[in-house]
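Student: Show me how the following folds:
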Amino acid sequence: MSGYLFDFFISYSRQGSVQKWLLNHFYNKLVECLADECAPAPRVYMDRHMPRAVDWSHNLRTSLRHSKIMIQVMTPHYFRSGWCMSELQSMRAREEMLGFASAKIPQGLIYPIVYSDCEDLRDEERMRKWHDFKEYAHPDPVYQQTVEYIHFHKEVKQLARDLVELASWVPDWQEDWPIVELPDPIVTRRTPLPRFEPCPEP
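Tutor: Below is the predicted model of the structure:
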């Protein structure tokens, strides 16, 4: 298998309401708006339609390696997930390999959007401009019946324009695009609370 299979790869954590939001609103609206911007319609990967009997970890890695741009959906849990960090670091390694997201070539291959506030943003995340969707982070289907949904559509339409422009100058696919392996979940050390002292041995 060689070449790009997808134009965009959505990287997200399943924790919280973000997956519900992606399935109920964002994914379909993005696909729709991308089709409005160019033909043929860009291909978007999200792990919503995993073929049966397929190893899901291999499928994710293969799909990422064969995608042009990664859409990073930032939530607090995103930065605690080994899988999400593997996807992020893999795309960062590709950028470094190409000299992207640097002083010489500022543009990168990761398009961050913010679904909810994140305290764990690293310096490299803070230095990259993101698209703020916190105002539109309503996961339930009833959101589509509100007046505010019109503004959500406009935001996704602007996002689609940005993504189409970004994808237009992505370099040709390479066999050696890197994949960074990280454990899942990422174990974070916690300070023990004083009241939980170990019981003395009898």
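
Student: from here on, contacts and neighbour counts on C-alpha atoms
Tutor: OK.

Student: so where do the helices sit in the chain?
Tutor: Counting by DSSP state H, one finds helices in the chain at the ranges 18-21, 27-37, 56-65, 82-98, 123-126, 148-167.

Student: Quick one, which of the ones you listed gets closest to residue 136.
Tutor: Taking Cα to Cα, helix 148-167 is the member of the helices of the chain nearest to residue 136, at 6.0 Å.

Student: sorry, back to before: pick out the shakiest of the helices of the chain, pLDDT-wise.
Tutor: Between the helices of the chain, the one with the least mean pLDDT is helix 123-126; it has a mean of 56.

Student: Out of the helices of the chain, the one nearest residue 113 is which?
Tutor: That would be helix 148-167 among these, by Cα to Cα, at 9.4 Å.

Student: if we look at the closest one, which residues are touching it?
Tutor: Under the contact criterion Cα atoms under 8 Å, 6 or more residues apart in numbering, helix 148-167 has outside partners 7, 26, 29-30, 33-34, 37-38, 68-69, 111, 131, 136, 143.

Student: These: which two are farthest apart?
Tutor: Comparing all pairs in the contacts of helix 148-167 by Cα to Cα, the longest separation belongs to 68 and 143, at 30.8 Å.

Student: Of the two, which one has the most company?
Tutor: Neighbour totals were compared for residue 68 and residue 143, and residue 68 leads with 27 against 17 (other Cα atoms under 10 Å).

Student: Noted, bye for now.
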